[in-house]
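Colleague: Test case, fold it:
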Amino acid sequence: QVQLVESGGGLVQAGGSLRLSCAASGLTFSSYAMGWFRQAPGKEREFVGGISGSSGSTYYVESVKGRFTISRDNAKNTVYLQMNSLKLADTAVYYCAANRRGWNARALSPGLYDYWGQGTQVTVSS
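Modeller: Predicted coordinates for the structure are as follows:
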């Protein structure tokens, strides 16, 4: 049984930082590309960025480029999302997801992912 469990969300002031973690179990973690998505109230789930399975190549959407960093530790079956210089617009529920096409760090569509975490709330205040 595959499980993805996010943690690290919370309330932070604008300009602050948070690091989200996503611990995976039940899958060959290094074979999967991992993506981070977010969903704000009343909006569709959007891709934030991704990281490939073994090479660790990354891709980010323009709105977070230079502020967010995705990394992974295959020995710990964990992927991270470091978020710096947070803005009010970053407020959302953040989800991690696993894509069996491990080479593809740029899988933007939620439909391309095989497994999802339950999400963790990130709230940025002014």
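
Colleague: Would you mind giving the secondary structure of A75?
Modeller: When classified by DSSP: H, G, I helix; E, B strand; the rest coil, A75 comes out as coil.

Colleague: how much space is there between it and A98?
Modeller: Counting by Cβ to Cβ, to the nearest Å, the gap from A75 to A98 is 17 Å. Using the backbone N, CA and C atoms, a C-beta is placed for each residue, glycine as well.

Colleague: More neighbours: the two, which one.
Modeller: A98 (24 against 8; other Cβ atoms under 10 Å).

Colleague: Within the sheet, what are the partner strands of the helix or strand harbouring that one, with directions?
Modeller: According to DSSP states H and E, A98 maps onto strand 92-99. Applying DSSP bridges to the sheet, strand 92-99 is found paired with strand 33-39 (antiparallel), strand 115-116 (antiparallel), strand 120-125 (antiparallel).

Colleague: And the pLDDT for the residue nearest the centre of the chain?
Modeller: The centroid of the chain falls nearest to W36 when counting by Cα atoms, centre = their mean (2.3 Å). At W36, the model reports a pLDDT of 98.

Colleague: wait, what's in contact with it?
Modeller: Listed by Cβ atoms under 8 Å, 6 or more residues apart in numbering, the contact set of W36 reads 20, 22, 47-50, 68, 70, 79, 81, 94-97.

Colleague: now do Y59
Modeller: Residues near Y59 by Cβ under 8 Å, 6+ apart: G49, G50, I51, A105, R106.

Colleague: Which two among these are spaced furthest apart?
Modeller: Within the contacts of Y59, I51 and R106 form the most distant pair, 10.3 Å apart (Cβ to Cβ).

Colleague: Counting neighbours, go ahead and name the busier of those two.
Modeller: More neighbours surround I51 than the other of I51 and R106, with 23 against 17 (other Cβ under 10 Å).
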